[in-house]
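Chemist: Everything below, folded, please.
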Amino acid sequence: MVYKANRYCHENGYERTSVWTFAKKNTGKYSSITRDNFLGFGVSATTLLKDQFKINTFSINEYTKRVEEEKLPTALTLKFSLRQRMVYYLFWNVYSLKIDPQKFKKFFGVSLNKVFGLELLFCRILGFIRVKDNVYYVTERGAYYYHYIEQVYTTAYIDKMWNVLRMTLFPTEIVLK
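Modeler: Take a look at the predicted model:
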């Protein structure tokens with residue numbers, strides 16, 4: 001079905017702008033997923049900083065109370081190691097079907113190939129990515145498998161975390177197995 005949707009969109013003047021989105025050519029694109037950092041305001045909003053990911057409480061009452069008390073309404077903070085942040089960065093850049101090694105180096109101060117050269121080589125061998133003008137592009141095959149992996153990840157981790165946050169206002173810890 002994904003291949004048919006991709007073909008249909010291309011035949012009708014749309015270009016693939018991410019793993020599962022299409023847009024008319026030369027139109028603007030926006031998604032918090034493909035931003036290096038962002039601030040989230042509101043109930044259950046998320047914030048992505050260079051070294052942490054924050055999730056606001058899912059409770060409207062508790063969110064309002066915290067804001068009125070001039071406290072952060074953060075229900076959970078995930079602190080990244082440098083490698084975890086690099087993996088997070090790559091995971092969501094693959095979503096936009098492109099990994100720019102220059103942007104990676106600018107953001108982290110280290111070469112993408114130095115950190116993930118072996119993984120990138122395997123992805124090229126498997127036909128998941130191709131290189132053009134020193135930029136990695138996700139192939140249709142790569143997008144298919146990324147979509148599959150992202151669904152598994154969402155079900156195994158994100159959905160479970162969101163469910164805990166809906167039931168517990170400010171958890172001290174969430175263990176995902």
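
Chemist: Could you report the pLDDT at K98?
Modeler: According to the prediction, K98 has pLDDT 90.

Chemist: Contact partners for the residue lying farthest from the centre of the chain?
Modeler: Distance from the C-alpha centroid of the chain peaks at E69, with 31.6 Å (C-alpha atoms, centre = their mean). If you count contacts by C-beta atoms under 8 Å, 6 or more residues apart in numbering, E69 has none. For every residue, glycine as well, the C-beta is placed using N, CA and C.

Chemist: Let me see the residues that make contact with stretch 120-133.
Modeler: Contacts to stretch 120-133, defined as C-beta under 8 Å, 6+ apart, come from residues I99, L112, N113, Y136, Y137, V138, T139, R141, G142, Y145, Y146.

Chemist: Out of the residues you listed, which is nearest to L48?
Modeler: The nearest member of those to L48, counting by C-beta to C-beta, is I99 at 17.4 Å.

Chemist: Sketch out the low-pLDDT regions of this structure for me.
Modeler: Within the chain, the segments meeting pLDDT under 70 span 19-20, 28-34.

Chemist: Show me where it has its strands.
Modeler: Using DSSP state E, the strands found in the chain span residues 14-16, 22-24, 46-48, 52-56, 74-79, 98-99, 129-132, 135-138.

Chemist: quick revisit: which among the contacts of stretch 120-133 gets closest to K79?
Modeler: With C-beta to C-beta as the yardstick, the closest approach to K79 among the contacts of stretch 120-133 comes from L112, at 22.8 Å.

Chemist: Quick check: that closest one touching Y89?
Modeler: No - using C-beta atoms under 8 Å, L112 is not in contact with Y89; the gap is 9.8 Å.

Chemist: and for the two, which residues touch both?
Modeler: Taking C-beta under 8 Å, 6+ apart as the contact rule, L112 and Y89 both touch F104.
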